[in-house]
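Engineer: how does the following fold in three dimensions:
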Amino acid sequence: MLKKVGIGVAAGLAVLVIVVALQPGAFKIQRSTRINAPAGVVYGFLNDFHAWESWSPWAKLDPNMKTSYTGPAQGEGAVYEWSGNDQVGSGRMRIVGEEAPNHISIQLDFLSPMAASNLTEFRLSPDAAGTRVDWAMTGENGFIGKAFALVMNMDKLVGKDFEHGLLQLKQQAESKAKLSSAGPGFQR
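Structural biologist: Numbers count the residues shown, from 1 in each chain. I've put the predicted structure just below:
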């Protein structure tokens with residue numbers, strides 16, 4: 001009897017391993033919004049990691065989070081590192097490409113709670129409402145990531161953060177655009 005239970009458990013584990021292994025390795029999470037501000041204004045909030053605190057969906061999750069900036073103040077080569085509580089973990093972002101004011105590529109490396117390396121991109125394009133912003137993150141899931149994806153929908157989980165961040169980015173950029181259009185003397 002014990003032998004049959006052991007064989008059943010082993011068979012179940014083998015099936016689970018096969019199911020996990022057959023999950024897609026590549027993933028992409030993307031959200032978009034329209035912002036009533038020129039692309040240059042929006043781009044300024046993305047191209048300078050110091051400005052991320054005003055709109056990032058993760059910036060206020062840990063008031064004691066430690067941050068550091070290295071490299072140029074903005075643009076290609078700028079680096080932002082953080083270390084915080086379980087909600088924000090620790091990691092590093094580095095701007096690896098840019099085409100002002102239309103595109104920024106960021107290498108995003110999570111160190112904890114789970115190591116991962118992803119590419120994050122922001123694409124800005126003018127439209128009737130001002131600027132369309134597309135925020136995407138792509139990467140590859142290893143075995144653990146594939147297993148995690150079986151029980152947790154990463155698109156919904158991270159997508160909610162992207163939506164929240166884009167809403168805050170919209171508020172910040174539209175506010176700055178209004179102040180700029182009000183003329184001299186009305187700047188932040």
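Engineer: who touches the helix or strand where residue 42 lies?
Structural biologist: In this structure, residue 42 sits in helix 39-46 according to DSSP states H and E. Under the criterion Cβ atoms under 8 Å, 6 or more residues apart in numbering, residues 35, 51-52, 54-55, 100-102, 104, 122, 124-126, 131, 133, 169, 172-173, 176-177, 180 lie in contact with helix 39-46. (C-beta placed from N, C-alpha, C; glycine too.)
Engineer: may I see the ChimeraX selection of the buried members of those residues?
Structural biologist: This is how ChimeraX selects the buried members of those, with burial counted by 16 or more other Cβ atoms under 10 Å:
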select :35,51,52,55,101,104,122,124,131,133,169,172,173,176,177,180
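Engineer: buried ones in stretch 153-160, by neighbour count?
Structural biologist: Burial within stretch 153-160, assessed by neighbour count using 16+ other Cβ under 10 Å, is assigned to 158-159.
Engineer: and that stretch, how far out from the chain middle?
Structural biologist: Relative to the mean C-alpha coordinate of its chain, stretch 153-160 is positioned 11 Å out (Cα atoms, centre = their mean, to the nearest Å).
Engineer: just the CA atoms of that stretch, as PDB, please.
Structural biologist: C-alpha atoms of stretch 153-160 as PDB (Å, rounded to 0.1, in the frame of the first residue of the first chain):
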ATOM      1  CA  ASN A 153      -1.500  36.100 -12.300                       C
ATOM      2  CA  MET A 154       1.500  38.400 -12.700                       C
ATOM      3  CA  ASP A 155      -0.200  40.500 -15.400                       C
ATOM      4  CA  LYS A 156      -2.900  41.400 -13.000                       C
ATOM      5  CA  LEU A 157      -0.600  41.800 -10.000                       C
ATOM      6  CA  VAL A 158       2.000  44.000 -11.600                       C
ATOM      7  CA  GLY A 159      -0.500  45.500 -14.100                       C
ATOM      8  CA  LYS A 160      -2.300  47.100 -11.200                       C
END
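Engineer: contacts for it, please.
Structural biologist: With contact meaning Cβ under 8 Å, 6+ apart, stretch 153-160 is reached by 27, 29, 31, 137, 148.
Engineer: do a quick rundown of the strands in this structure.
Structural biologist: In chain order, the chain shows strands spanning 26-35, 66-70, 79-83, 90-99, 103-112, 116-127, 130-140, with DSSP state E as the criterion.
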